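Q: I need the structure of the sequence given here:
(chains A and B)
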Amino acid sequence: MPARPLLAWAVAVLAATGPALAANSAEIVDLMVDRYGERLLVSFQLVGGFDDTVRRKIESGLPTGFIYQIRLERVRTWWLNGTIENAQLEVFAMYNAITREYLVNFKHDGNLIDSRTVKSLEEAENAMSIVHALPVFEADEMPDARMVLRVRAVLGSRNFLGLFPTTISTDWAEIRSVDEPFGR
Amino acid sequence: MRLSSTFQQRLRDNKVLFWLLTLTLLFLTVSYYAVLRGRELDPDAINNRILLFTLRNTNVVLVLAVGFVLVRNLVKLWVERRHGQLGSQFKTKLVATYIGLSLLPVLLLFAYANRVVQGSLDTLFDPPGAELVAAGNSVSQALTLETQTRNLRSAESALRATRPVTFADPEQRPRLSRLLQNEMRRQGVDLLVAFEDTEFVHASLNPSSGVTQLPELDRGFLVEALRESRSTEVVEIPGRAERWLLAAAARPGEPGEPRELIVSGTLLAADLSAQTELLVNTSQANRQLLAQEDDIRTISLLLLLMVTLVLLLVCTWVGLILARRVTVPIEALAEGTRRIISGDLDHRVTAEADDELGVLVESFNRMTAELQRNEQVIAESHEELTASNRELAEERALIAAVLDNVAAGVISVDGEGTVLTVNAAALEMLQIHEGQVLGRELVDAIAAPPQLRALLEEALASEGPTDQEVRLPLGADWKTFEVKSAPLPGEQGGGMVLVLEDLTELIRAQKLATWNEAARRIAHEIKNPLTPIQLAAERLLKRYRAQDPNLGEALENAVQIIVREVATMKTLVDEFARFARMPRARPVDVDLRRLLDETVTLYRDIKPGVEVASCLDEADAVASLDPEQFRGVLVNLLDNAVEATPAPGRVEVHAQRSNGHLSIRVSDTGVGIPPEDKEKLFLPYYSTKGRGTGLGLAIVHRIVTDHHGTIRVEDNQPQGTVFTIEIPQS
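A: Residues are numbered from 1 along each chain as shown, chains lettered A, B, ... in the order given. So this is what the prediction gives:
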């Protein structure tokens, strides 16, 4: 049997029966929270989120990107933390081979908030990896309690055991308020 | 009703099959179309994880469905075989055959189709000319890059040429325009635009380019040029195929101060632009396909697997349905056979089938119905037979009770003479036990004396009824029996019933009565002569006392009367003495014809007008008789017959032998005998003639009885009387 059908068989078997692989070594670093007026600004950077497969996919012109999940939780000592608010930032890049430009779109909770055109893949990666001062939550609605802000990047999806769709994501990165809520 | 349910069941089955096959065909068509269109699908659609999820889970559901159908049926077969259900082995073979026949081609088809699809995908991911497209794309990119480089040099050259001019000064705009026009012609570009920071100052456009409008420059492009001192951009012209290749160069300056910037542009011709775009797009499409190769191959494989599983499910299902169509009637027939064997004739096979199995089911049900009808008939016959047997038993019990209580002895024998029944009276008469005779031949069982044995044998041999008397020594006494025999109706082989009646007491009473009558008659006969004698003596005494002179004459008359009457008395006493002293018969072989002829000759012509004749069937007949006594019998009978027959008349003596008997009939055409006289005819001293002793027929009866024979008197037809004598002949 030729090599490609064998590869296809192997892919099919793995896709159908194999467990979901753990996420790669990507991680969220430099997580910071600031306040600007009545809003909380979140900054962080995704490290290791790009490999050859992702780059090849971006350069082929396919929409490729990540989803950053941002979660604000109330800290509980003797129980699970309670979720206060959720936010989601989708970052997708598309390469235009005619103009040789990379269009990077940013959607906050489904709303397009920014669109950038860069000339190189490196610039596109930086644009997709570095989030700076993203206004996510209303600071005046924060409860008077200790909180933790958590961020992770969803890099893609797989099917667990070949059946159940699961996400490939980084671990949660978090930052806690020590004595008072964020922004006080 | 049954036909209707059969039709509806068949219709349901056919509907299921129809929709199953229709949906399968529809699904296969859509799947095939999807596989063929896979290479043309929008990358976004192919990249959709939902599609993969749907396909994978559809396949899983199909696998589970196929597995469920297979496992369910295999488990059912295993359970049926384990319980030894009839038809399970055949069903197992049939189902295995159907599943095998469906699995093998489907799997082969899947392997072949997968090879074809993967080959097709190989071609898709490595299309012919892909390298040429890549090379063309590289050339296109190089051309673009070269053009952009030339534009950048033009922009920098224009910056140097316009150094003496201040872009912000409106007074110097004509000079700026001339410089830009000269530089545009010198550099061979189609556009030169001067900016003060991002503010437009002046533009020079090559009129030979055919473009009359300036390109819409992106502010970001200008900002980047100001920040990086240079920048490039490709701008499409709305509504036209041409495209601007632009490059910008900014004059160095102090931060915060306005900077001068010139954009140089070259118009890419429409055909060149289109071909370049085609090369780029084709190359990008190839790269997108390669980037999604794993997903596309997986989707293709899953689609094919889904088609295969659907086919497998349908084939398995159809196979099982077809197998069930065969096995269900056979199982029903087997179950029906078992129920019929166990006696449940009400059971009917209800399995639906319209082929030979249907004929078999119908035949089986007809056979069962026939068996049920036959069993019903047998049951009814059994009931009738039981009732008949009960009635027969009751009748038999009644007859047995009657027979046990009647005075006559009754014995029934079969055609072989074996005793079937014997009643108590017969046992008592014959002084035997029941066990001695039942099941044994009668003549051997009762140790009968020769005369009874002969009589029984004669009765058994006779086809018709017989009636005979026999005198037997039983114990210290002699007993007289009347033995009557009659054939048993319906008895196979000629059975017979014998009735024995003990006549000893009756005969003894008859004899006593006879002797009483004889004594009365003798007294009467003796008294008759005594009266004249008494009268003669008294008259003689009277004349003697009267000294009758005629005493002598009177004496003579009286003596004559006395002598005559004494003579009469003497004759009477002699006849009685002769009857009483009649010797026992001594049978010898006698020429019967001669005996008849000699006797009949005596009476021929004795009475004018009365013909006397004899007839003997056999020419040379010899009979065992006492000739003297039998001559007397014939004389007595002929004498009475001739006397009773008025002229013209006929008296005939007819003798014949049959069945061991000698039969002699003496018939006349006379006046006949009244019925009331027939019963007393053979009694001594009974006479209808008013004369004679009345002992003639009594002597005849005595002689015949001594010969072990019988005599009876009957009316002759059309008139007269017949005396029939039957003498057994050994």
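Q: so B:Asp677 touches B:Leu697, yeah?
A: No - assessed by CB atoms under 8 Å, B:Asp677 is found out of contact with B:Leu697, at 10.7 Å. Every C-beta, even on glycine, is put in place using the N, C-alpha and C of the backbone.
Q: Same drill for the two, tell me which one is more crowded.
A: B:Leu697 (22 against 13; other CB atoms under 10 Å in any protein chain shown).
Q: Strands of chain A, start to end?
A: A:27-36, A:39-47, A:64-74, A:82-96, A:101-108, A:111-118, A:130-138, A:147-160, A:164-169, A:173-176 (DSSP state E).
Q: right, and these - which one's nearest B:Val610?
A: With CB to CB, the closest approach to B:Val610 among those belongs to strand A:164-169: 144.1 Å.
Q: Let's test this: mean pLDDT of that closest one, rounded?
A: Strand A:164-169 comes out with an average pLDDT of 76.
Q: Over to stretch B:276-289?
A: 84.
Q: Identify the residues contacting whatever residue of chain A ends up closest to chain B.
A: Closest contact between chain A and chain B, by CB to the nearest CB, is at A:Ser60 (3.8 Å). Shown in contact with A:Ser60 (CB atoms under 8 Å, 6 or more residues apart in numbering or on different chains): A:95, B:284, B:287-288, B:290-291.
Q: Give me the subset of those residues lying in helices.
A: B:284, B:287-288, B:290-291 (DSSP state H).
Q: Give me the subset of those residues that also touch chain A.
A: Counting by CB under 8 Å from any CB of the partner chain, B:284, B:287-288, B:290-291 from the ones in helices among the contacts of A:Ser60 sit close to chain A.
Q: Averaging pLDDT per element, find the lowest-scoring helix or strand in chain B.
A: Here the helix or strand of chain B ranked lowest by mean pLDDT, DSSP states H and E is helix B:43-46, holding a mean of 42.
Q: Next secondary structure after that one?
A: Once the chain leaves helix B:43-46, the next helix or strand it forms, by DSSP states H and E, is helix B:49-82.
Q: tell me the mean pLDDT for that next one?
A: pLDDT averaged over helix B:49-82 gives 75.
Q: which helices and strands sit right next to the helix or strand following that helix?
A: Per DSSP H and E, the first helix or strand lying C-terminal to helix B:49-82 is helix B:88-125. On a contact count with 3 or more CB pairs under 8 Å, 6 or more residues apart in numbering or on different chains; DSSP states H and E, helix B:88-125 meets helix A:3-17, helix B:49-82, helix B:270-291, helix B:293-341.
Q: how far is the helix or strand just after helix B:88-125 from where the chain is centred?
A: Following helix B:88-125 in sequence order, the next helix or strand is helix B:130-161 (DSSP H and E). How far helix B:130-161 lies from its chain's middle: 101 Å, per CA atoms, centre = their mean, to the nearest Å.
Q: Same question for stretch B:406-420.
A: 47 Å.
Q: ends of that stretch, how far apart?
A: Start and end residues of stretch B:406-420 are separated by 18 Å (CA to CA, to the nearest Å).
Q: cool, and stretch B:569-589?
A: Note: stretch B:569-589 ends 39 Å apart using CA to CA.
Q: contact partners of that stretch?
A: Contacts for stretch B:569-589 (CB under 8 Å, 6+ apart): B:518, B:522, B:525-526, B:529-530, B:622-627, B:629, B:684, B:693, B:695, B:698-699, B:702-703, B:706-707.
Q: And it, what's buried?
A: Buried positions in stretch B:569-589, judged by neighbour count with 16 or more other CB atoms under 10 Å in any protein chain shown: B:569, B:572, B:575-576, B:579, B:585, B:587.
Q: wait, which of those is closest to chain A?
A: Distance to chain A across the buried residues of stretch B:569-589 (CB to the nearest CB) is lowest for B:Pro587, with 128.3 Å.
Q: Can you pull the phi/psi pair for the closest one?
A: In terms of degrees, to the nearest 10, the main-chain angles of B:Pro587 are phi -70, psi 140.
Q: in the sheet, who's paired with the closest residue to it other than its chain neighbours?
A: In this structure, B:Pro587 finds its nearest non-sequential neighbour in B:Ser624, 4.4 Å apart by CB to CB, 6 or more residues apart in numbering or on different chains. On DSSP bridges, the residues paired with B:Ser624 through beta bridges are B:Asp589.
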